[in-house]
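Undergrad: the sequence and its predicted three-dimensional model are supplied below.
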Amino acid sequence: MTETIYYIVCVVLSLLSLWGISMMSKVSSSVRGNLLLSFCLLAGTIVTLLYYGIVEVGTIYAFILVGSLIGAVLAYKVQMIQMPQTVAMLNGLGGLAGAIVGALTLIHIGVKETDYPVFVNVTATLAVVVGMVTFVGSMVAAGKLHRLLSQKPIIWKNHQLITIVLIIGSIASVVFAFLIGKDWGLLSDIYFILTCSFVFGSLFGLAFAIRVGGADMPITISLLTSLAGIAAAIAGMAIGDILVVSIGGIVGSSGLLLTQIMCRAMNRSLAVILAGKTSAEAAPIAPTTPSASSAPSAPEIPSAPEAAPEASLAHILRAAKRAIIVPGYGMALAQAQHQVRQLADKLESQGTDVRYAIHPVAGRMPGHMNVLLAEADVAYDQLYEIDSINDDFKETDLVVVIGANDVLNPAARDAEGTPIHGMPILNVDQARHIVICNFDRKPGYAGVPNPLYEMEKVTLLLGDAKETLAEVMREMNNSTAAPAETSSDPSFVTVAPDNTTDTSAILREAKRAIIVPGYGMALAQAQHQVRQLADSLERQGTEVRYAIHPVAGRMPGHMNVLLAEADVAYDQLYEIDSINDDFKETDLVVVIGANDVLNPAARDAEGTPIHGMPILNVDQARHIVICNFDRNPGYAGVPNPLYDMEKVTLMLGDAKESLAELLRMLN
């Protein structure tokens, strides 16, 4: 009866896991799907402990606690830009777990006697081989993604031959497992077979992953995800646990389907990947004769084209009715997704229809661009996959490329013999005008020069994506005749200060600055723009600190969490007691959406709700810029005399718009 209930629970948990994976394929239900899968994992652990009667083994809970603490630290500390290498590392740990289970099963530790010893030995050895391939391959992939190893393909002498030998050695290890218990000498020795499976599996994982270049990383990560699930399923077969087999099979099959999708997107075959040939050498093919124009140009990077006149770019930006934004790995590196969203908002405010074109391998893991843009609150229905948007480029007035290269390189159509030949690309070159914000003119990871850089209709803005996007937005703003911007959204108006010249000078000349964030920053989700302003001030030599009032926000630590999300260093955040005396020596204070916590009326306005409340001594600074939505009192209902001081520049409206205006003054 107990066994029957166990099997029923295993079936239910497996079906719930499939349902959770299905829910995660849609943005609207992905969070619920993730929670459901987490519940299935917890339930599976409890059911296993109960079924096998090991509830009282205390060491299990110690290891669960250690693992949970490590997971919590990773969840807290890992930034979104580091997610690909984190996923690769976790895949590797899953493979290692399968290998350990297989090894312990092979040497008969923690397993019961079985009527099928050959099956157990073979599956245990196979779990070790697949687990070690997954572990070592994932660690190499994580090292490449984290730039501890070269992101370029590393190809050894006779690499392909070495790979084939290692595959044969791995298969031989599994074959030897059939001989365990028979008189075949060393070939039937358990520890010899275990050593061979560890060595050949590990070396094949290294040989396979070391030659993977950055362009092939999405395929590699999805393949390693599949291998981690397969290793778990095989280990489940070895120990006779149906739940491990089922869940491992689900992970393995879903990872394999994703791998096939990635293969089609990159025009590569899975057989080639499994043979370890996931990257070709990055040498462009030179033409055999001067007239051979069909092959890529020689490896020399062409000289930069003449920059488009500023007025021309400004006109194109203003006149665009349809725009497509193409994000790539360069956006991830620069963490510029919030600036991309800002640009899109700016275009939409003038009536431009804005969409995002997402190539399936733009990034270092499947869905990389989707996750980054979701972090910047880009609506999911604005994201279009290649098949649903590719025909629309020819009707598009403006394409803005941020850090993408291979996925839109027209050479993929006809440059035979190159790594990207035949790969489906975004038809960016068919748009009426293209603005490319890439770090430099070098080819992408495939090593194939991009002819887009030579087209007359292309405006090339080289450098850090945040800076070039700021340049694009300046083009839009400088072309506006009115001194103050009015958004098409009637719910707010940004008022530029009358003393713009003085404020610009104060911003540029400030040696010490303090930024005071408040709940208005949280409402506007402007923490990334605040960080941008701080970075611009620091680049000119200004010392920047943040003054955090304990009740600035709607919960303790609210401002700290928001600023941490924008990667503001913790040692730049100062509590009221440690910074209050410094305001009188400060050249500039920038307030973003704060009111009561710096209202000087708290000192002497007896009978008011804030009387006697400790406040930030903002009024003692030499100059104050206040970016608040309006002049209304804060929640305490006490008018703020700061608004009437001569040394205050008051910028009313949405905080993002006000901060953008400050950045324009500064630049």
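TA: Sure thing, it's come through. Numbering: from 1, shown residues only.
Undergrad: and G201, what pLDDT?
TA: If you check G201, the pLDDT there is 95.
Undergrad: and P287, by the same measure?
TA: 37.
Undergrad: what residue ranges in the stretch 351-500 of the chain score low on pLDDT?
TA: Along the stretch 351-500 of the chain, segments meeting pLDDT under 70 span 445-446, 475-500.
Undergrad: residues of the longest helix seen in the chain that come out buried?
TA: Ordering each helix of the chain by length in residues (DSSP state H) puts helix 117-145 first. Neighbour counts using 16 or more other CB atoms under 10 Å place 120-145 of helix 117-145 among the buried residues. All C-beta atoms are positioned from the backbone trio N, CA, C, and that covers glycine.
Undergrad: now that helix: average pLDDT?
TA: 93.
Undergrad: I'd like to know which elements that helix is packed against.
TA: helix 83-106, helix 159-176, helix 190-210, helix 217-239 (3 or more CB pairs under 8 Å, 6 or more residues apart in numbering; DSSP states H and E).
Undergrad: quick one, strands of this structure?
TA: 322-327, 353-358, 383-385, 398-402, 434-438, 458-462, 512-517, 543-548, 573-575, 588-592, 624-628, 648-652 (DSSP state E).
Undergrad: any chance of those in CSV, plus mean neighbour count and distance to Q525?
TA: Output for the strands of the chain, formatted as CSV (neighbours: other CB atoms under 10 Å; distance: least, CB to CB, whole Å):
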stretch, mean neighbour count, distance to Q525
strand 322-327, 24, 19
strand 353-358, 21, 18
strand 383-385, 16, 19
strand 398-402, 27, 20
strand 434-438, 26, 22
strand 458-462, 20, 26
strand 512-517, 24, 12
strand 543-548, 21, 17
strand 573-575, 15, 19
strand 588-592, 27, 11
strand 624-628, 26, 14
strand 648-652, 21, 17
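Undergrad: any chance of these in JSON lines, plus distance to T220?
TA: As requested, the strands of the chain are exported to JSON lines (distance: least, CB to CB, whole Å):
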{"stretch": "strand 322-327", "distance to T220": "21"}
{"stretch": "strand 353-358", "distance to T220": "19"}
{"stretch": "strand 383-385", "distance to T220": "21"}
{"stretch": "strand 398-402", "distance to T220": "24"}
{"stretch": "strand 434-438", "distance to T220": "24"}
{"stretch": "strand 458-462", "distance to T220": "29"}
{"stretch": "strand 512-517", "distance to T220": "40"}
{"stretch": "strand 543-548", "distance to T220": "40"}
{"stretch": "strand 573-575", "distance to T220": "38"}
{"stretch": "strand 588-592", "distance to T220": "42"}
{"stretch": "strand 624-628", "distance to T220": "45"}
{"stretch": "strand 648-652", "distance to T220": "48"}
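Undergrad: give me the low-pLDDT residue ranges for this protein?
TA: 27, 80-81, 213-216, 218, 265-312, 445-446, 475-501, 554-556.
Undergrad: just the helices and strands packed on helix 117-145: most buried one?
TA: By mean neighbour count, with neighbours taken as mean count of other CB atoms under 10 Å, helix 217-239 ranks first of these at a mean of 27.
Undergrad: ok and it relative to helix 83-106, angle-wise?
TA: 20 degrees (axes from the mean of the first three to the mean of the last three CA atoms, to 10 degrees).
Undergrad: so which other helices or strands are in contact with helix 217-239?
TA: helix 83-106, helix 117-145, helix 242-266, helix 270-274.
Undergrad: looking at these, which is nearest to F198?
TA: Closest to F198 of the helices and strands packed on helix 217-239, according to CB to CB: helix 117-145, at 5.7 Å.
Undergrad: and N91, how far is that from A510?
TA: 48 Å (CB to CB, to the nearest Å).
Undergrad: no wait, Q339
TA: Distance from Q339 to A510, by CB to CB: 23 Å.
Undergrad: check I168 too.
TA: When I168 is compared with A510 (using CB to CB), they lie 68 Å apart.
Undergrad: then D587?
TA: Counting by CB to CB, the gap from D587 to A510 is 4 Å.
Undergrad: which residues are common contacts for those two?
TA: H623 (CB atoms under 8 Å, 6 or more residues apart in numbering).
Undergrad: name the residue in those two with the higher neighbour count.
TA: When neighbours are counted by other CB atoms under 10 Å, A510 comes out ahead of the other of D587 and A510, with 23 against 17.
Undergrad: dump the residue contacts of the more buried one.
TA: Contacts of A510 (CB under 8 Å, 6+ apart): L537, T542, D587, L588, H623.
Undergrad: now the residue nearest to I155 when sequence neighbours are not counted: how far from T220?
TA: Excluding the flanking residues, the one nearest I155 by CB to CB, 6 or more residues apart in numbering is R211, at 5.3 Å. To T220, R211 is 10 Å away according to CB to CB.
Undergrad: again with G95
TA: The value you get for G95 to T220, if CB to CB is used, is 13 Å.
Undergrad: repeat that for L96.
TA: Taking CB to CB, one finds L96 at 17 Å from T220.
Undergrad: distance to G607 added to the helices and strands packed on helix 217-239, as TSV?
TA: Compiled in TSV, these are given as follows (distance: least, CB to CB, whole Å):
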stretch	distance to G607
helix 83-106	53
helix 117-145	60
helix 242-266	65
helix 270-274	75
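Undergrad: with respect to M473, which of those helices lies nearest?
TA: helix 83-106 (27.1 Å).
Undergrad: gap between that closest one and the chain center?
TA: 22 Å (CA atoms, centre = their mean, to the nearest Å).
Undergrad: stretch 349-365 now?
TA: 15 Å.
Undergrad: end to end, how far does that stretch reach?
TA: The first and final residues of stretch 349-365 sit 32 Å from each other (CA to CA, to the nearest Å).
Undergrad: got it, and stretch 438-458?
TA: Stretch 438-458: ends 12 Å apart by CA to CA.
Undergrad: buried residues, that stretch. List them.
TA: In stretch 438-458, counting by 16+ other CB under 10 Å, buried: 438, 441, 443-453, 458.
Undergrad: got JSON lines for these, with distance to D596 too?
TA: Below are the buried residues of stretch 438-458 laid out as JSON lines (distance: CB to CB, whole Å):
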{"residue": "N438", "distance to D596": "45"}
{"residue": "R441", "distance to D596": "52"}
{"residue": "P443", "distance to D596": "55"}
{"residue": "G444", "distance to D596": "51"}
{"residue": "Y445", "distance to D596": "52"}
{"residue": "A446", "distance to D596": "56"}
{"residue": "G447", "distance to D596": "58"}
{"residue": "V448", "distance to D596": "58"}
{"residue": "P449", "distance to D596": "58"}
{"residue": "N450", "distance to D596": "54"}
{"residue": "P451", "distance to D596": "58"}
{"residue": "L452", "distance to D596": "53"}
{"residue": "Y453", "distance to D596": "53"}
{"residue": "V458", "distance to D596": "51"}
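Undergrad: what's the burial count for A319?
TA: Using other CB under 10 Å, A319 is surrounded by 13 other residues.
Undergrad: scratch that, I386 is what I was asking about
TA: Using other CB under 10 Å: I386 sits among 18 other residues.
Undergrad: what residue of this protein is the furthest out?
TA: D183 (54.3 Å; CA atoms, centre = their mean).
Undergrad: so what's that residue up against?
TA: Contacts of D183 (CB under 8 Å, 6+ apart): none.
Undergrad: any idea what sits nearest D345, other than its immediate chain neighbours?
TA: Per CB to CB, 6+ apart, closest to D345 is K656, 7.8 Å.
Undergrad: distance of that neighbour relative to M24?
TA: Taking CB to CB, one finds K656 at 31 Å from M24.
Undergrad: now do Q260
TA: 18 Å.
Undergrad: Q151 now?
TA: For Q151, the distance to M24 equals 29 Å [CB to CB].
Undergrad: also V597?
TA: 40 Å.
Undergrad: so which of the helices and strands packed on helix 117-145 is nearest I515?
TA: Nearest to I515, of those and by CB to CB, is helix 83-106 at 28.0 Å.
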